[in-house]
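Asks: The following block contains a protein sequence and its predicted model.
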Amino acid sequence: MAIDTGEALRPFTRARDAGAEARAAEMVRALVSALTDAAGDAWAGAALGGALGLGEGATIVARDGTGRPGDPFELLAVLDAPVRDVPALSKHLGRAAAETAKSRRVEASVSAVARRGLRLLPPTFWNMELVAARRVVYGRPDLLPPYEEVFRGGPDRAEGVRLLARTGARLLSAERLVDRSASGAGAREALRSVRAADLALGAVVLLSAGCWTPGALARDGALRVLAAAGPEGPRRTGFHVQMNWTRFHDLVERHHAAALALSVPESAEAPDARRQVARAGDRFMEVLRLFEEERLGVPLPNWTEYAIALARRRSGAAVSELFGDDADAPADLAATARLARKSAKSWPLSERLAPAVAALVDWDPGDLPIVPVLLDLPDVAPREALRQRAIAWSANV
């Protein structure tokens, strides 16, 4: 069996800091060991996904000058087990990974798949990047099938909504950090969220344009190709053609700066953290609105209309009642509220979260009433409770 920790040939981080690389390799070994024990006879191998699997992880420098990886460890466990047994084994593996990560104060997660299901992986961003990276950390080198045998098109459009929902929640978390302090460790973490948001927005632009590709650096090149033609040149398809050219160019440059930042250890400085979080929020809201107008095929002048459009798409004609959209709404407001919450609970979590986080980032009083409905909180829930619920839910999107 091959165990590729990446110490010799394949870096985990773009900056290739010796300390960060050593700590990443040590963590991979610990996770693989824990998962091997947890899976028992069903264990076939594992691959590392996410930024660390692609070798594009960020590096954070501690006060003592030592580096550590700044991204979570995300693994796919491959099992020689019947498909029906995988969910139960996955929970067992998840607990083992969580305990190992907690003892080392890092973030880690694990997904599981039966070996026979590898060629049936759904076209999610994460799956596509994992197979493209082919970062087998335990098992035969050919444990993962070739990319072309698994994926024959681009990611599903729903992936864009999921990524944007997580991005908005991460920006809410960044807001909380800079509300407490515009400098120090919290501000640096907030700036990490800003860089992650800029990378995510670039990925969504490329998904819309039909030219998404695995890897942040590869996507940076693809975005710059889109921008190179200039405002008068052909810009292919996608919602970016509806953007003001200056704003689109700024989005591309922000993505480029975030991609370049992966190549150097994080700075101890956090200049204008509050301002950068606010500007990232503006970019996020514009991309979300344009992406969802394209996906849903309707104009979205505000976040309440966005929620109504999602409700109509999911529940049919009765949905406009859910947010008091028309004169035919029931007179019993309590019944309407119950209807609204019941309907929203049937939506995909990403579609509940996306308009909620957008309304919280925007903080327009006209849109705020939809937030507790979508997040299933009391109508009088305070802002902090709404933000905390949105941030917590984003972990499951």
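Replies: Now that the structure is in, tell me what you want to look at. Every value quoted in this text rests on a predicted model; they were computed, and no experiment measured them.
Asks: In the chain, mark out all the strands, start to finish.
Replies: 43-49, 59-61, 67-69, 73-79, 108-114, 136-138 (DSSP state E).
Asks: residue contacts, residue 363?
Replies: Residue 363 sits next to no residue when contact means C-beta atoms under 8 Å, 6 or more residues apart in numbering. All C-beta atoms are positioned from the backbone trio N, CA, C, and that covers glycine.
Asks: Quick check, central residue of the protein?
Replies: The C-alpha lying nearest the average C-alpha coordinate of the chain belongs to residue 163 (C-alpha atoms, centre = their mean; 4.1 Å).
Asks: Pull the contacting residues for it.
Replies: 125, 200, 203-204.
Asks: In JSON lines, list the residues you listed along with distance to residue 192 and pLDDT.
Replies: Listed next are those as JSON lines, based on distance: C-beta to C-beta, whole Å; pLDDT from 0 to 100:
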{"residue": "125", "distance to residue 192": "19", "pLDDT": "97"}
{"residue": "200", "distance to residue 192": "12", "pLDDT": "98"}
{"residue": "203", "distance to residue 192": "17", "pLDDT": "98"}
{"residue": "204", "distance to residue 192": "19", "pLDDT": "98"}
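Asks: Redo the strands of the chain as a markdown table? Include mean neighbour count and distance to residue 259.
Replies: A markdown table is the format used below for the strands of the chain (neighbours: other C-beta atoms under 10 Å; distance: least, C-beta to C-beta, whole Å):
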| stretch | mean neighbour count | distance to residue 259 |
| --- | --- | --- |
| strand 43-49 | 24 | 18 |
| strand 59-61 | 22 | 14 |
| strand 67-69 | 23 | 17 |
| strand 73-79 | 26 | 19 |
| strand 108-114 | 21 | 24 |
| strand 136-138 | 24 | 25 |
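Asks: hang on, the earlier thing: next one, pLDDT for the residue nearest to the centre of the chain please.
Replies: pLDDT for residue 163: 98.
Asks: Relative to residue 76, how far out is it?
Replies: 19 Å (C-beta to C-beta, to the nearest Å).
Asks: Same check on residue 113?
Replies: 6 Å.
Asks: For burial, what's the neighbour tally of the nearest residue to residue 41 once chain neighbours are set aside?
Replies: Spatial nearest neighbour of residue 41, chain neighbours left out: residue 80 (7.7 Å); criterion: C-beta to C-beta, 6 or more residues apart in numbering. By other C-beta atoms under 10 Å, 13 other residues sit near residue 80.
Asks: residues contacting residue 80?
Replies: Going by C-beta under 8 Å, 6+ apart, residue 80 touches 41-44, 114-115.
Asks: out of these, who's nearest residue 353?
Replies: Nearest to residue 353 among the contacts of residue 80, counting by C-beta to C-beta, is residue 114 at 29.6 Å.
Asks: so that closest one bridges to which residues?
Replies: Beta-bridge partners recorded for residue 114 (DSSP bridges): residue 79.
Asks: for it, what are its contacts?
Replies: 78-83, 85-86.
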